[in-house]
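Compute the structure for the input listed below.
(one chain, ligands or ions: 2)
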Amino acid sequence: MDNPFVFSGIVTGKKFCNRAGEQDDLINYINASQNVLLFSNRRTGKTSLLHQVFSRLGKDIGRMYVDLYGTVTEQDFILSVMKNIGQLESRIDRLIKITREIFTSANISLSVDPVTGLPSLSPVFTAKSKNLMLDNVMALLDTYSKKKKTVVVLDEFQEIENYSKGDFEKKLRSIIQHHNNISYIFAGSKQHILDRMFHSTGRAFYRLAESYPLPEIDEISYLKWIRGNFGSKNTIPDSTILDIITICEKHPMYIQQFCYHLWEKKPGSGDVINEILSLIISRNENEFMSLWDNLTSNQRKALKLIAANRGVDLYSAGSLSSVGFTSPSQVTKSIEALMTKEIISKNGKYVIQDVMFKQWLLRL
Ligand SMILES: Nc1ncnc2c1ncn2[C@@H]1O[C@H](COP(=O)(O)OP(=O)(O)OP(=O)(O)O)[C@@H](O)[C@H]1O
Ligand SMILES: [Mg+2]
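Ligands and ions are numbered 1, 2, ... in the order given. This next block holds a predicted model:
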């Protein structure tokens with residue numbers, strides 16, 4: 001049997017652990033055409049959850065997933081949406097019909113994506129059409145949604161902040177707030193940017209979506225799912241599985257990676273847990289070192305303190321002196337910088353987002 005654990009790319013079905021409650025919540029939002037802001041730390045399963053939810057939706061709901069990662073301009077945004085339009089309507093004749101209602105033939109061309117076999121639209125940007133293009137492509141979604149309730153996922157949504165100093169945000173908001181039959185799901189991991197966009201009163205997306213921080217997967221669900229995956233090969237005691245869940249701090253990607261290596265190990269060989277932990281850390285070492293090299297010395301001290309003190313009690317005299325800080329303001333400034341770099345986040349206490357980076361730090 002092939003190794004059932006997958007630690008890269010999107011996972012769904014049997015490779016996807018639980019999240020039954022989150023799937024139901026998102027389906028309810030979609031049925032009610034509500035907008036949602038789905039966020040969590042890197043590689044904790046947002047995109048996989050969204051694909052899992054899509055796989056459960058009935059035929060009566062139109063769905064479109066757009067990955068905005070790497071887009072830097074409004075034109076890129078338009079291109080990304082248009083490229084994916086075939087997810088909504090795979091019949092070319094129908095797509096031509098609604099496209100014709102909105103676009104003039106001069107500024108749009110239709111082709112079939114050679115990889116997916118789905119139709120795809122490409123805009124021809126002319127000076128005249130440029131300003132209308134966003135209105136048009138979004139009107140296409142609106143027209144489609146009048147026939148069929150629709151969900152549009154805009155993944156890595158924080159990218160839009162860089163397009164054009166707030167102007168794009170305003171334009172997009174003024175359009176989508178009228179789309180009553182579409183549930184927009186905005187997803188991303190850059191929490192400080194998303195927070196600013198959706199929770200600052202002066203910003204266009206202020207309260208346009210309900211916040212949905214992706215919760216952790218609980219221990220029991222992981223345990224059952226890992227057991228199920230090992231199946232008859234299972235000679236691994238529950239205590240070992242629970243240790244893995246704890247070391248990985250319930251992080252799904254690292255749990256998959258840990259279990260992947262556990263599957264490959266011969267039963268009963270040595271101190272498996274520590275061997276696998278060292279292996280994963282060593283595979284990531286170059287990346288961790290370059291991250292470390294790019295930090296200032298105070299930021300490094302703050303990170304070490306957070307790792308050693310589990311994110312609490314950072315300002316006591318003992319804590320400050322343990323890593324060589326001379327004043328609390330140095331901690332505050334370093335923490336701010338680490339938050340902006342998305343290396344740490346705050347969730348009641350400070351946490352180092354990358355669990356294995358933290359394990360590497362603890363070994364320094
Ligand atoms: N529910 C789950 N069950 C098991 N593994 C999961 C689950 N969700 C995510 N994973 C694991 O985590 C990895 C990352 O998942 P995914 O790409 O969906 O996360 P993400 O939050 O969208 O990441 P990013 O922040 O990089 O966009 C997957 O390749 C898989 O190994
Ligand atoms: Mg993702």
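
Relative to ligand 1, which residue of the stretch 1-150 of the chain is the closest?
residue 45 (2.6 Å; CB to the nearest ligand atom). (Each C-beta comes from the backbone N, C-alpha and C, glycine too.)

Strands along the protein, start to end?
36-39, 62-67, 108-112, 119-123, 150-155, 182-188, 210-213, 344-347, 349-352 (DSSP state E).

Dump the ones you listed to CSV, plus distance to ligand 2.
Listed next are the strands of the chain as CSV, based on distance: least, CB to the ion, whole Å:
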stretch, distance to ligand 2
strand 36-39, 10
strand 62-67, 8
strand 108-112, 27
strand 119-123, 22
strand 150-155, 6
strand 182-188, 7
strand 210-213, 14
strand 344-347, 16
strand 349-352, 19
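
State the distance from residue 89 to residue 12.
Distance, residue 89 to residue 12, using CB to CB, to the nearest Å: 23 Å.

next one: residue 279
Residue 279 is 27 Å from residue 12, by CB to CB.

hmm, back to that, dump the strands of the chain to CSV, plus distance to residue 197 and mean neighbour count.
As requested, those are arranged in CSV below (distance: least, CB to CB, whole Å; neighbours: other CB atoms under 10 Å):
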stretch, distance to residue 197, mean neighbour count
strand 36-39, 9, 23
strand 62-67, 17, 18
strand 108-112, 30, 15
strand 119-123, 25, 19
strand 150-155, 12, 23
strand 182-188, 9, 24
strand 210-213, 11, 14
strand 344-347, 16, 16
strand 349-352, 22, 18
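
before we move on, back to that, hang on, the residue of the stretch 1-150 of the chain closest to ligand 1 packs against residue 214?
Yes: here residue 45 reaches residue 214: they are 6.7 Å apart, a contact under CB atoms under 8 Å.

between those two, who's got more neighbours?
Each of residue 45 and residue 214 has its neighbours counted (other CB atoms under 10 Å); residue 45 has more, 21 against 17.

could you measure that one against residue 254, distance?
Residue 45 sits at a distance of 12 Å from residue 254 (criterion: CB to CB).

And the closest residue to ligand 2 within the chain, how far from residue 186?
When scored by CB to the ion, the chain has residue 47 as its residue closest to ligand 2, at 3.3 Å. Residue 47 sits 13 Å away from residue 186 when distances are taken as CB to CB.

And for residue 140?
19 Å.

swap in residue 201?
Distance from residue 201 to residue 186, by CB to CB: 18 Å.

which parts of the stretch 251-364 of the chain sit against ligand 1?
Residues of the stretch 251-364 of the chain lying close to ligand 1 (CB under 6 Å from any ligand atom) are 252, 253, 256.

can I get these in a markdown table with distance to residue 31 and pLDDT?
Putting those into a markdown table (distance: CB to CB, whole Å; pLDDT from 0 to 100) gives the following:
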| residue | distance to residue 31 | pLDDT |
| --- | --- | --- |
| 252 | 26 | 98 |
| 253 | 30 | 97 |
| 256 | 30 | 98 |
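
So which of these reach ligand 2?
Taking CB under 5 Å from the ion as the test, ligand 2 is in contact with none of those.

Of the residues you listed, which belong to helices?
Using DSSP state H, the members of these that fall within helices are 252, 253, 256.

For those residues, please prepare JSON lines with the additional fields distance to residue 80 and neighbour count.
Supplementary listing: these in JSON lines, determined by distance: CB to CB, whole Å; neighbours: other CB atoms under 10 Å:
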{"residue": "252", "distance to residue 80": "26", "neighbour count": "22"}
{"residue": "253", "distance to residue 80": "25", "neighbour count": "20"}
{"residue": "256", "distance to residue 80": "28", "neighbour count": "21"}
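
what's the spacing between the residue nearest to the residue of the stretch 1-150 of the chain closest to ligand 1 when sequence neighbours are not counted and residue 43?
Take residue 45 and drop its neighbours on the chain: the residue closest to it by CB to CB, 6 or more residues apart in numbering is residue 252, 5.0 Å away. Remark: distance between residue 252 and residue 43 (CB to CB) = 8 Å.

Run through the residues that contact residue 344.
Contact analysis of residue 344 by CB atoms under 8 Å, 6 or more residues apart in numbering lists 303, 306, 335, 338, 350, 351, 352, 353.

Check residue 208 too.
Residue 208 neighbours (CB under 8 Å, 6+ apart): 35, 173, 176, 177, 198.

I'd like to know which of those is nearest to residue 114.
residue 176 (30.8 Å; CB to CB).
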